[in-house]
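Chemist: Need coordinates for the below:
(6 chains)
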4 protein chains.
Amino acid sequence: MARERKFSDEDLFLATKELLLNHGYEGFTFGLLAERLKVSRSALYKYFGNKEELIMEFMMYEMDQFMDKLRKIDDYDDFEDQFNYLLELMMSHRNIHQLIEIGRHVPVNNKKMEEKNKKLDGLHLNMYQSLVGFVGLGKKEGKLKPHIPDTLIVGYILQSFLVPNLAQIPHSEWVQSMKEIIRDGMFTDDN
Amino acid sequence: MARERKFSDEDLFLATKELLLNHGYEGFTFGLLAERLKVSRSALYKYFGNKEELIMEFMMYEMDQFMDKLRKIDDYDDFEDQFNYLLELMMSHRNIHQLIEIGRHVPVNNKKMEEKNKKLDGLHLNMYQSLVGFVGLGKKEGKLKPHIPDTLIVGYILQSFLVPNLAQIPHSEWVQSMKEIIRDGMFTDDN
Amino acid sequence: MARERKFSDEDLFLATKELLLNHGYEGFTFGLLAERLKVSRSALYKYFGNKEELIMEFMMYEMDQFMDKLRKIDDYDDFEDQFNYLLELMMSHRNIHQLIEIGRHVPVNNKKMEEKNKKLDGLHLNMYQSLVGFVGLGKKEGKLKPHIPDTLIVGYILQSFLVPNLAQIPHSEWVQSMKEIIRDGMFTDDN
Amino acid sequence: MARERKFSDEDLFLATKELLLNHGYEGFTFGLLAERLKVSRSALYKYFGNKEELIMEFMMYEMDQFMDKLRKIDDYDDFEDQFNYLLELMMSHRNIHQLIEIGRHVPVNNKKMEEKNKKLDGLHLNMYQSLVGFVGLGKKEGKLKPHIPDTLIVGYILQSFLVPNLAQIPHSEWVQSMKEIIRDGMFTDDN
DNA sequence: AATGAATGAGCGTTCATTCAT
DNA sequence: TATGAATGAACGCTCATTCAT
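Modeler: As a prediction, the model looks like this:
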């Protein structure tokens, strides 16, 4: 009944992600996105009323996917297992923070946007609570140092994965070392 | 006799720094900068051929200053002292990474730019080498775990300073905890 | 058997009229019209090659209807009766002028359009002649001042109804006063 | 110290006036105006922050000029003289109403605009009061029919000047006839 | 050395119009 | 017949950049 679409939602969100990560919120333009998808700029407006809406929608799509996986952390009872699962997850969703940070730049003007913003905030809260729950468990089990602020622990775990692997160390070795630093620091024991 | 300049390089670089940190690369405009310096936009072109050039020039100025301080790390013979000095330094120049990150956004088109870009890369290298030197010392003294890649150690330390202090933990406590994580990790000893 | 049309010409022209009066020529869009008729924008193109054509077509439809009524003026032999009929008619079709005025904004590009434009001009001429006939009768009967140009008389009658009733004077009083001015002016007799 | 301007404010306001009258508020574009003045669109933004501002500024310029002249009506003590003066004035500023009407379409968003809007409203009020004063004098002198609403009298006079002189009747004759209709109507005395 | 004037490219957005189903 | 997909021109607006004084 109508022509076939030239790009799928997945195509679009994938392109959006890359552009957003490479250019930031201000640097992300419909022109760039359209070029990438090989459509006209105006075609994008069929699906998203405006730039903010597009980015918000993308944000939610991305967060939803991430949260689905993050929630699985509760499948593990043992803290140690949760820790391993979490690190793997963060590693494979390395850029989620940058995206969240970029998301903060999106201005919120009208009501529709406000709604979406709330939903997004809800997801953030969910994420935060998952992690705080995890830290709480770690402290209760006597695994995590009790005197270190929760937010710092969470922040460190999240931030770690943004360290660029400039020297191209093999993945498994890199992750292994990273885990070790996070757990026991970079100093030898006899300090 | 020529007229006197209405603004000094220091004025200019200081203003550039603040604007860059507050607005990001895309949000930084000659208009904003000119307003801040109380000159016309066009006046800026007398000193910097274009926006990228200005930012590059600023980057180098900033890096130079930072490197001067970083090189002082060699005044300390003891690794432990170097470590403390480094953390303090990074803490008080926290935004150097943001600036470097912003620097990555600058597009490189022509030859003049390429030249400056190379020089800037040189400074990065200097920085890296200072730090690698520091890591080498640590390893030689048996303080740092020998099997962890140097770049990860350096990267991890640098990245630490980007963890946002969302919960507004007091500065000294925050730094103290950071040091502890870096040295001994977030896990308790009996793991 | 072909599908049945989802909207009638009357629907369409009615919607067009309201939109045109409320939004003006530039503010009138196919999107608005389609939404009103609950069809897709593109469906409209089956019936009207383009926006101008649609508006022209509408104009003619509207004029036709108006002319049907205007021609009834000849049912009255007496000038006085014609005068009253005319005023009532104008009052209840007040917006015909606005529409004509809007019609003047329609650009005429191609040949098809030119044709329709001519036909529309013909209708205007008809209207004008009806009114000139009316004026002629008035002058012959010695009711209208003979030395005042016909076009001014006609123009005045048409234009009068566009005076906005800002102070919300009750309708009947307003019309009554209007008639009086048109007939005998706003000055008292002893001038 | 800087290049000479390619157009004066008068040029600009004149062009604005014509475009506004021919295309209406929506149809008036910076593109059109720039083309007319043989400058780039963006050049206009040096002088007017946005479209509304430009139009408002123009409105005030136009109104100011008009009000200067309208206020002179009080130089005449006699109603008859005021009447003549008024008609001449309106004739030479025929389109002031269309402009006012167009001015009503300008959306008012921010504070700067609100201010200007208020000033413009003030001018409208001035105009209205000048005319109501004039009508009052006419009624007091027994020249104007007392039972006809003031707003109708004012509106009728203003509207008169919008009657198009389609048949190209010579100016003086046209004005003469207009005066007569306004004063004594279009009907002969013996009605 | 510094300025205001002017330009052109590009952005976000809207809309008439065309195309393929 | 009717539709959703797609396009391209234009609009309002911003900004880096150039020009003439």
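Chemist: Look at whichever residue of chain A sits closest to chain D and tell me its secondary structure.
Modeler: Going by CB to the nearest CB, chain D is nearest to A:N109 of chain A, at 12.5 Å. For every residue, glycine as well, the C-beta is placed using N, CA and C. Assigned by DSSP: H, G, I helix; E, B strand; the rest coil, the conformation of A:N109 is coil.
Chemist: Can you give me the neighbour number for the residue nearest to it when sequence neighbours are not counted?
Modeler: Computed as CB to CB, 6 or more residues apart in numbering or on different chains, the closest residue to A:N109 that is not its neighbour in sequence is A:E52, at 7.5 Å. If you count neighbours by other CB atoms under 10 Å in any protein chain shown, A:E52 ends up with 20.
Chemist: which secondary element of chain A has the worst mean pLDDT?
Modeler: None of the helices or strands of chain A scores lower by mean pLDDT, DSSP states H and E than helix A:96-105, at a mean of 82.
Chemist: Mind checking what helix or strand follows that helix in sequence?
Modeler: Using DSSP states H and E, the next helix or strand after helix A:96-105 towards the C-terminus is helix A:111-140.
Chemist: Only the buried residues of whatever helix or strand A:Y85 lives in, if you could.
Modeler: A:Y85 belongs to helix A:79-92 when assigned by DSSP H and E. Buried residues in helix A:79-92, counted by 16 or more other CB atoms under 10 Å in any protein chain shown: A:F79, A:Q82, A:F83, A:Y85, A:L86, A:L87, A:L89, A:M90.
Chemist: Domain-wise, how is chain A divided?
Modeler: A:1-47, A:63-184 (automatic domain parsing).
Chemist: Quick one: closest of these to DNA strand F.
Modeler: For the domains of chain A, the distance to DNA strand F is smallest for domain A:1-47, at 2.6 Å, taking CB to the nearest atom of the strand.
Chemist: rewinding a little: flag every buried residue along the least confident helix or strand of chain A.
Modeler: Buried residues in helix A:96-105, defined by neighbour count with 16+ other CB under 10 Å: A:I96, A:H97, A:L99, A:I100, A:I102, A:G103.
Chemist: Which neighbouring elements make contact with whatever helix or strand A:Y61 lives in?
Modeler: Using DSSP H and E, the secondary-structure element containing A:Y61 is helix A:51-71. Where contact means 3 or more CB pairs under 8 Å, 6 or more residues apart in numbering or on different chains; DSSP states H and E, helix A:51-71 is packed against helix A:9-27, helix A:96-105, helix A:111-140.
Chemist: what about it and DNA strand F, any contact?
Modeler: No. Counting by CB under 7 Å from any atom of the strand, no contacts exist between helix A:51-71 and DNA strand F, the nearest distance being 11.5 Å.
Chemist: ok now that helix, how far from the chain's centre?
Modeler: Shown here is helix A:51-71, whose average C-alpha point lies 9 Å from the average C-alpha point of the whole chain (CA atoms, centre = their mean, to the nearest Å).
Chemist: In space, what's closest to the most centrally placed residue in chain A - neighbours in sequence excluded?
Modeler: Ranked by distance to the mean C-alpha position of chain A (CA atoms, centre = their mean), the top residue is A:I96 at 1.6 Å. Excluding its sequence neighbours, the residue lying closest to A:I96 (CB to CB, 6+ apart) is A:F66, at 5.6 Å.
Chemist: pretty sure that neighbour contacts A:H97?
Modeler: No. Here A:F66 does not reach A:H97: they are 10.6 Å apart, not a contact under CB atoms under 8 Å.
Chemist: For A:L162, give me phi and psi.
Modeler: Summarising the backbone geometry of A:L162 under the convention degrees, to the nearest 10, its torsions are phi -90, psi 0.
Chemist: what sits against the residue nearest to A:N109?
Modeler: By CB atoms under 8 Å, 6 or more residues apart in numbering or on different chains, the contact set of A:E52 is A:V106, A:P107, A:V108, A:N109, A:M113.
Chemist: can we see that at 10 Å?
Modeler: For A:E52, the residues meeting the contact criterion (CB atoms under 10 Å, 6 or more residues apart in numbering or on different chains) are A:Y25, A:H105, A:V106, A:P107, A:V108, A:N109, A:N110, A:K112, A:M113, A:K116, A:N117.
Chemist: Go through stretch A:36-49 and flag the buried ones.
Modeler: A:R36, A:L37, A:V39, A:L44, A:F48.
Chemist: what about that stretch, near chain C?
Modeler: No. Figure legend: stretch A:36-49 not in contact with chain C (CB under 10 Å from any CB of the partner chain); closest approach 11.8 Å.
Chemist: That stretch near DNA strand F anywhere?
Modeler: Yes. For a cut-off given as CB under 7 Å from any atom of the strand, stretch A:36-49 has contacts with DNA strand F, namely A:K38, A:V39, A:S40, A:R41, A:S42, A:A43, A:K46.
Chemist: Name the residues of chain A found near DNA strand E, please.
Modeler: Contacts of chain A with DNA strand E, taken as CB under 7 Å from any atom of the strand, map to A:1-4, A:28-32, A:41-42, A:45, A:49-52.
Chemist: Check the gap between the residue nearest to A:N109 and A:G122 for me.
Modeler: With distances defined as CB to CB, to the nearest Å, the gap from A:E52 to A:G122 amounts to 18 Å.
Chemist: Next: A:D64.
Modeler: Applying CB to CB to A:D64 and A:G122 gives a distance of 11 Å.
Chemist: Might you name the residue of chain A sitting closest to chain C?
Modeler: Checked against chain C (CB to the nearest CB), the nearest residue in chain A is A:A2, 9.3 Å away.
Chemist: Could you report the distance from that residue to C:S40?
Modeler: Here the distance between A:A2 and C:S40 works out to 9 Å (CB to CB).
Chemist: Just flag the most distant two among the residues of chain A next to DNA strand E.
Modeler: A:M1 and A:F28 (33.1 Å; CB to CB).
Chemist: Between the two, tell me which one has more neighbours.
Modeler: With neighbours defined as other CB under 10 Å, A:M1 and A:F28 compare such that A:F28 has more, 22 against 2.
Chemist: show me the contacts for the more buried one.
Modeler: Contacts were defined as CB under 10 Å, 6+ apart; by that measure A:F28 touches A:T16, A:E18, A:L19, A:L20, A:L21, A:N22, A:K51, A:L54, A:I55, A:I102, A:H105, B:E26.
Chemist: next one: A:L89
Modeler: Contacts of A:L89 by CB under 10 Å, 6+ apart are A:F66, A:K69, A:L70, A:K72, A:I73, A:I96, A:F161.
Chemist: What's the local residue count around the second one?
Modeler: Just to be clear, that refers to A:K69. Neighbourhood size, A:K69 [other CB under 10 Å]: 13.
Chemist: what's the answer for the third one, then?
Modeler: If you count neighbours by other CB under 10 Å, A:L70 ends up with 22.
Chemist: That one is in contact with A:I96, isn't it?
Modeler: Yes. Counting by CB atoms under 10 Å, A:L70 does reach A:I96; the two are 9.5 Å apart.
Chemist: Give me the common contacts of these two.
Modeler: Taking CB under 10 Å, 6+ apart as the criterion, A:L70 and A:I96 both touch A:M63, A:L89, A:M90, A:M127.
Chemist: any chance of these in TSV, with pLDDT and distance to B:P170 too?
Modeler: Compiled in TSV, those are given as follows (pLDDT from 0 to 100; distance: CB to CB, whole Å):
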residue	pLDDT	distance to B:P170
A:M63	90	32
A:L89	90	31
A:M90	87	28
A:M127	85	26
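Chemist: need the residues of chain A near chain C, please.
Modeler: With CB under 10 Å from any CB as the criterion, chain A meets chain C at residues A:A2.
Chemist: before we move on, back to that, would you mind checking the contacts of A:E52 for buried ones?
Modeler: Buried residues within the contacts of A:E52, counting neighbours by 16+ other CB under 10 Å: A:Y25, A:V106, A:M113, A:K116, A:N117.
Chemist: just checking, the last one touches A:E53?
Modeler: The one in question is A:N117. No. Look at A:N117 against A:E53 with CB under 10 Å: they stay out of range, at 11.0 Å.
Chemist: Identify the contacts common to these two.
Modeler: Overlap between the contact sets of A:N117 and A:E53, as judged by CB under 10 Å, 6+ apart, is given by A:V106.
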